[in-house]
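**Q** Make a model of this:
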Amino acid sequence: MNLSGVNLSRYTPTEPIALYVHVPFCATKCDYCSFYSTCPPAEEFTRSVVDATVDQAHELLARLGRPHVRTIYIGGGTPSVLAPRIFSRLATGVLDATGQQRVEEWTVEANPESISASWVSVLADLPVTRVSVGVQSFSASAREAIGRSGSEGAILRAVEALRRGGFVSIGIDLIAGVPGQSPEDIVFDVERAVALEADHVSLYTLSLDPGTPIAGRVARGEVKLPPDEAVVEGVDAGCRRLAAAGIYRYEVSNYARPGRECHHNDAYWLLEPSVGVGPSAVSTLPGGDGTALRLTTDAEPELVTPRSFLLEHFMMGLRRARGLPSDRVVERFGAGPEDFVPRTVARWEGAGLLRCSAEGLVMSDEGMWHLDGLLSEVAAELSPT
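**A** Take a look at the predicted model:
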C-alpha cells in the first residue's frame, strides 16, 4: 500500500474504528472459497507475514492519529492454523499497535480441526471476547460436497475445548444451499448449533464465485444445487427454529441472542471507519464531504465518490434487521435515504417489502430475499440521467 501523496488528514477518524486483521493461511482450501489464502502454510513464511502485518498496524494507526479502536476481528483464511506462539505474536503485536489494553469486542475466527488445547490457552490469555467457529455443516456428505475438511467429532471437541478455556460467546458459521442438501438438512444443522448453545449463528447461502472448483462442477453439470425454493424453505424454517431458541436475526445471514450481536460486522454494515491490515485487507475511511478513502493492502488507494458511497450505504445498511438509519445518511449526504430514491421506496413500500419511517428504511422478512432486486433499482435511480 503506497500512501505517499495521500492526504489522510481529510479522512482521519473522529469516531471509534473497527480493526480487521487478515490471516491468509489455511490447512486446505475449500471448494467454494475465492478469498486469497496460502495452503498449507510454512512456519517461516507465516512468521514473516505476521511480522509484516504487525508493522503495518503500527504504521497505519500512527498515520491516522491513533484512533480509539472499538473492535478487533482476526479473520482469514484460518487464524487457528497458526502455531500458538505465532498467533500470540500477531495478537499481542496488533493490540500493542492500538495503544490500548483491551477493546470492547475482539473476535477470532477458527476452524474446528485446528482448535487445540494449546491454541485455546493462548487465546484465553488475551482479551478476546468471542470466537467464530467455521462449521459450515455438521453433515459429512454436505462437507464433502463443498470440499470442507473436518468431522462432527472435531466440531464437538473444538466447542468443548473453547468452553473449558472459559469462552462464553461462541458463534457457529453454517452454509445453506449445498449440493444434495434438503430443507430438513438445513434445519438439522441449525438444531445442532442450538444444541451446542451457540449464542451467534451465521447462516449463509452458498455463493458460486467464478474460478472456484464448485462453480466449475456446477457449470459442467457434475453436481446440482438445490432449487431456490428449497433453500428459502430451509433457511426460513431455520430462522424460526433459531428464534424459538432466543437467537434472533439481526442481519440477512446473521442471528444472535440479545446482546451477542457482532458489533464489528455492524460497523461494516453501517460503513463506520474501519482499518484493515494484512494481505488483501481493506480500510474504509469516510470523509466529511460524502466521499470515502478506500485502502487495500495490495492496491493503490481509491477515492470513493459520494454517489458510490451512498449506494454502498443502501447495499450494506439494508442487510440489517434494523435497516438503514436515516440519521447516518443525513449526516453524510445531507438528506434521508428516501429522498434520494423516492420512486424505488414508494414501489417497494407499496409491495409490502420495505418499510419507510423517520428512523430509516427496513426490509421485511420477505423483502430480504429480494434485496438484490431493490438494490438494482436503487442503483438505477441514483444514476445521473
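
**Q** which of the residues in the host helix or strand of I155 are buried?
**A** Secondary structure assignment for I155, by DSSP states H and E: helix 152-164. Using 16 or more other Cβ atoms under 10 Å as the test for burial, helix 152-164 gives A154, I155, R157, A158, V159, A161, L162. C-beta: built from backbone N, CA, C; applies to glycine.

**Q** Check stretch 137-154 too.
**A** Applying 16+ other Cβ under 10 Å to stretch 137-154 flags S137, F138, S139, A142, R143, A145, I146, G147, R148, S149, G150, A154 as buried.

**Q** before we move on, what about stretch 173-183?
**A** Across stretch 173-183, burial judged by 16+ other Cβ under 10 Å covers D173, L174, I175, A176, G177, V178, P179, Q181, P183.

**Q** Okay, and which of those residues map to strands?
**A** D173, L174, I175, A176 (DSSP state E).

**Q** hmm, which two among those residues are most spread apart?
**A** For these, the farthest-apart pair by Cβ to Cβ is D173 and A176; their separation is 11.2 Å.

**Q** which residues are in contact with both of those two?
**A** Common contacts of D173 and A176 (Cβ atoms under 8 Å, 6 or more residues apart in numbering): Y204.

**Q** returning to that earlier point: show me what the helix holding I155 is in contact with.
**A** 110, 112-113, 115-117, 120, 131, 133, 135, 138, 140, 170, 192, 196.

**Q** Those residues in strands, which ones?
**A** Counted as lying in strands by DSSP E, out of the contacts of helix 152-164, are A110, V131, V133, V135, I170.

**Q** So which of those residues wins on neighbours?
**A** V135 (28 neighbours; other Cβ atoms under 10 Å).

**Q** looking at it, that one is touching I170, isn't it?
**A** No - the pair V135 / I170 is not scored as a contact, 10.6 Å apart, by Cβ atoms under 8 Å.

**Q** How much space separates E44 from I86?
**A** 10 Å (Cβ to Cβ, to the nearest Å).

**Q** residues contacting A267?
**A** Neighbouring residues of A267 by Cβ under 8 Å, 6+ apart: I17, A18, R70, T71, P273, S274.

**Q** now do 10 Å
**A** 15-20, 70-71, 73, 105, 273-274, 284 (Cβ atoms under 10 Å, 6 or more residues apart in numbering).

**Q** Farthest-apart pair in the residues you listed, please.
**A** Across the contacts of A267 (Cβ to Cβ), the longest gap, 18.2 Å, separates E105 and T284.

**Q** Next secondary structure after the top helix by length along the chain?
**A** Determined from DSSP state H, the single longest helix within the chain is helix 43-63. Heading C-terminal from helix 43-63, the first helix or strand you meet, by DSSP H and E, is strand 69-76.

**Q** Model confidence for the closest residue to E197 other than its chain neighbours, exactly?
**A** Closest residue to E197 apart from its sequence neighbours, by Cβ to Cβ, 6 or more residues apart in numbering: I170 at 7.9 Å. I170 carries a pLDDT score of 98 in this model.

**Q** The one 10 residues further on too?
**A** Per-residue confidence for G180 comes out at a pLDDT of 94.

**Q** Okay, now the unreliable bits of the stretch 151-300 of the chain?
**A** By pLDDT under 70, the stretch 151-300 of the chain contains no weakly predicted segment.

**Q** hang on, the earlier thing: quick one: which of the buried residues of stretch 173-183 is nearest to T297?
**A** Out of the buried residues of stretch 173-183, the member with the shortest distance to T297 (by Cβ to Cβ) is D173, at 24.0 Å.

**Q** separation between the closest residue to the closest one other than its chain neighbours and L90?
**A** Nearest residue to D173 in three dimensions, chain neighbours excluded: S202, at 4.5 Å (Cβ to Cβ, 6+ apart). To L90, S202 is 23 Å away according to Cβ to Cβ.
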